[in-house]
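Asks: Sharing a model that was predicted from the sequence below.
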There are 2 protein chains.
Amino acid sequence: MTYCVALKLKAGLIMLSDTRTNAGIDNVSQFTKMFTWQWPDDRAICLMTSGNLSITQSVISLLQDNIDNPKPDIKTLQNAETMYQVAEIVGDAMKYVQGRFGPGIGAAGEDSSASIIISGQRIGGIPRLFLVYTSGNFIETTPDTCFFQIGEHKYGKPILDRVINYDTSIEDGVIAALLSMDSTLRSNLSVGMPLDFAVIRTDTYRFEVKKRIEADDESFHQLSHAWSDALKSGFNQVRGMSVYP
Amino acid sequence: MTYCVALKLKAGLIMLSDTRTNAGIDNVSQFTKMFTWQWPDDRAICLMTSGNLSITQSVISLLQDNIDNPKPDIKTLQNAETMYQVAEIVGDAMKYVQGRFGPGIGAAGEDSSASIIISGQRIGGIPRLFLVYTSGNFIETTPDTCFFQIGEHKYGKPILDRVINYDTSIEDGVIAALLSMDSTLRSNLSVGMPLDFAVIRTDTYRFEVKKRIEADDESFHQLSHAWSDALKSGFNQVRGMSVYP
């Protein structure tokens, strides 16, 4: 499985993904699920993928191929005029790949469904965050709902529901995303280290951070332990409450 | 949907369930999912149900009918010789009801799957906690894994993973179960108040608590707010950590 989360805050975009994939419980591998493109002073775009790996890899390859071998009548991530157009391009690529392989995958009794989170900003536009579904259709965050999750999203949702809103700072948003991932890693073995992590601050059109957090990352372990301690001390604060009976 | 959680601790058994059911998003109702039987100084048994409501209601009716109209050759929750036999009886009832309605439900494109948590103790035996699946097969907790969840189990798992073990006290276990429910209620609208809550302390063969927690329950609200404050102050403790970048 997978866990990817992206936050669109007033201050910018935060993206975090794990790297574990599995085809059955006994076939576990490591694949990057985060893909980034940056054209300095013009645009920075990040995609995170979940679902059928053959589908999402084909979508990414197709998008990259169109950038590498531009054709006059084909819009690419590099020359799209808006982030909305980027979402359309990714959605169209998803639709094309699903049309090509989806029926065969379904006939074999497998699941071809996939989803892709798109985040980024291009000069002249605002930062935007989209979620593309299996059929190529997509939705966008609003200030009311300022994060998207794909894959094993439930374990890590409570912490986001409690601390994230549109005005949260980038620094706090990063901590919240990492704690959301930490809860998921602890409760579900199909999500695993290392992590890929990226930040695009509003109106900078570049990745301020693009980092792999390895399994032995000292900062992440310290955060994880500190959060564990904070939760335990929080539990100690409420344990004496007289709810029983 | 549903969220039910049961803990088997050295000190006893704790059961907690919500009461919301829905057939589609626009058909939401309130149904008890917790069913208890108590024969003083002999046995106390609690069942919690999840999944297709017509299936689980039929299973409960069948079990109750066999108690009310005993036949010499039919074992019931009242005269089963062990808790293992209770699990067999519930599993057999599930199998019978699935055999009767399952194929028709499946043919109509609906899902007949269901699961039932069984907890209890009878005199001469130890407290036991089982989870019965759609096919009537079942598993039991061990000291390594001392809780079962059914329904929307993912939101409320991280808190249990962090604070519950076999030696946790009843009082702490109750708080942890309520916090697990609180996280689920906040993150998933298909799980809703009121809650049903019960405790069987080891070697007492009776319900020490059997209580409905209503939507306006003052103690539960205080716990929920205190936990929210504790989480926020925990977040404040870790927010300054230098994981970024």
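Replies: Structure's in. What do you need?
Asks: and stretch A:147-165, what's its mean pLDDT?
Replies: What stretch A:147-165 shows for mean pLDDT is 91.
Asks: start to end distance for that stretch?
Replies: Using Cα to Cα, to the nearest Å, one end of stretch A:147-165 lies 9 Å from the other.
Asks: Could I get the buried residue list for it?
Replies: A:147-160, A:162-164 (16 or more other Cβ atoms under 10 Å in any protein chain shown). C-beta here means a position set from N, CA and C on the backbone, and glycine is covered the same way.
Asks: from the residues you listed, which are also near chain B?
Replies: When Cβ under 8 Å from any Cβ of the partner chain is applied, the members of the buried residues of stretch A:147-165 adjacent to chain B are A:152, A:154-155, A:157-159, A:162-163.
Asks: In strands only, show me the buried residues of stretch A:147-165.
Replies: The strands, defined by DSSP state E, take in A:147-151 from the buried residues of stretch A:147-165.
Asks: Widest-spaced pair of the residues you listed?
Replies: A:Phe147 and A:Gly151 (13.6 Å; Cβ to Cβ).
Asks: Pick the one among the ones next to chain B among the buried residues of stretch A:147-165 closest to B:Asp111.
Replies: Looking across these and measuring by Cβ to Cβ, the closest to B:Asp111 is A:Lys154, at 19.1 Å.
Asks: Which elements pack onto the helix or strand where A:Lys95 lies?
Replies: Using DSSP states H and E, A:Lys95 falls within helix A:83-107. With contacts taken as 3 or more Cβ pairs under 8 Å, 6 or more residues apart in numbering or on different chains; DSSP states H and E, helix A:83-107 sits against strand A:43-51, helix A:53-68, strand A:114-122, strand A:128-132, strand A:138-140.
Asks: If I take the first one and helix A:83-107, what angle do their directions form?
Replies: With axes from the mean of the first three to the mean of the last three Cα atoms, to 10 degrees applied, the angle from strand A:43-51 to helix A:83-107 works out at 20 degrees.
Asks: close to chain B, is strand A:43-51?
Replies: No. Interface with chain B: strand A:43-51 contributes nothing (Cβ under 8 Å from any Cβ), its closest point being 15.0 Å away.
Asks: What's the mean pLDDT across that strand?
Replies: 97.
Asks: Quick check: neighbours of it in the sheet, parallel or antiparallel?
Replies: Each strand paired with strand A:43-51, and its direction, by DSSP bridges: strand A:34-39 (antiparallel), strand A:114-122 (antiparallel).
Asks: okay, these, which one's buried deepest?
Replies: Highest mean neighbour count of the strands paired with strand A:43-51: strand A:114-122, a mean of 25 (counted as mean count of other Cβ atoms under 10 Å in any protein chain shown).
Asks: Report the buried residues of stretch A:120-130.
Replies: Those would be A:120-122, A:125, A:127-130, for stretch A:120-130 by 16+ other Cβ under 10 Å.
Asks: Return the member of those residues nearest to B:Ser112.
Replies: When those are compared against B:Ser112 (criterion: Cβ to Cβ), the nearest one is A:Phe130, at 37.1 Å.
Asks: May I have the phi/psi pair for A:Ser29?
Replies: Main-chain dihedrals, A:Ser29, degrees, to the nearest 10: phi -140, psi 170.
Asks: Is it in contact with A:Ser190, as I believe?
Replies: No. The criterion here is Cβ atoms under 8 Å, and A:Ser29 misses it with A:Ser190 at 11.7 Å.
Asks: Give me the more crowded residue out of the two.
Replies: The neighbour comparison of A:Ser29 against A:Ser190 (other Cβ atoms under 10 Å in any protein chain shown) goes to A:Ser190, with 16 against 10.
Asks: State the distance from the more buried one to B:Val132.
Replies: According to Cβ to Cβ, to the nearest Å, A:Ser190 stands 25 Å off from B:Val132.
Asks: just A:Ile139 next, same as before
Replies: Per Cβ to Cβ, A:Ile139 is found 38 Å from B:Val132.
Asks: More neighbours: which of these two?
Replies: Taking neighbours as other Cβ under 10 Å, A:Ile139 and B:Val132 compare with B:Val132 leading, 26 against 13.
Asks: thinking again about what came up before, okay if I get the buried residues of stretch A:120-130 as JSON lines plus pLDDT?
Replies: Rendered in JSON lines, the data for these read as follows (pLDDT from 0 to 100):
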{"residue": "A:Gly120", "pLDDT": "98"}
{"residue": "A:Gln121", "pLDDT": "98"}
{"residue": "A:Arg122", "pLDDT": "97"}
{"residue": "A:Gly125", "pLDDT": "96"}
{"residue": "A:Pro127", "pLDDT": "97"}
{"residue": "A:Arg128", "pLDDT": "97"}
{"residue": "A:Leu129", "pLDDT": "97"}
{"residue": "A:Phe130", "pLDDT": "97"}
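Asks: related to what we said a few turns ago, and for the helix holding A:Lys95, what's in contact with it?
Replies: A:45, A:47, A:52, A:54-55, A:58-59, A:62-63, A:75-77, A:80, A:111-112, A:114, A:116, A:118, A:120-122, A:125-128, A:130, A:132-138, A:140 (Cβ atoms under 8 Å, 6 or more residues apart in numbering or on different chains).
Asks: buried sites along that helix?
Replies: Quick answer for helix A:83-107 (16+ other Cβ under 10 Å): A:83, A:85-95, A:97-98, A:102, A:105.
Asks: out of those, what pair is the most spread apart?
Replies: A:Met83 and A:Ile105 (29.7 Å).
Asks: Can you list the low-confidence ranges for chain A?
Replies: A:23-25, A:244-245 (pLDDT under 70).
Asks: change it to 80
Replies: A:22-28, A:240, A:242-245 (pLDDT under 80).
Asks: follow-up on the earlier one: can you add distance to B:Phe35 and give the strands paired with strand A:43-51 back as a markdown table?
Replies: Output for these, formatted as a markdown table (distance: least, Cβ to Cβ, whole Å):
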| stretch | distance to B:Phe35 |
| --- | --- |
| strand A:34-39 | 47 |
| strand A:114-122 | 39 |
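Asks: Tell me which helix or strand A:Val238 sits in.
Replies: Going by DSSP H and E, A:Val238 is part of helix A:218-239.
Asks: hmm, that helix in reach of chain B?
Replies: Yes. Judged by Cβ under 8 Å from any Cβ, helix A:218-239 and chain B are in contact via A:219-220, A:222-223, A:226-228, A:230-235, A:237-239.
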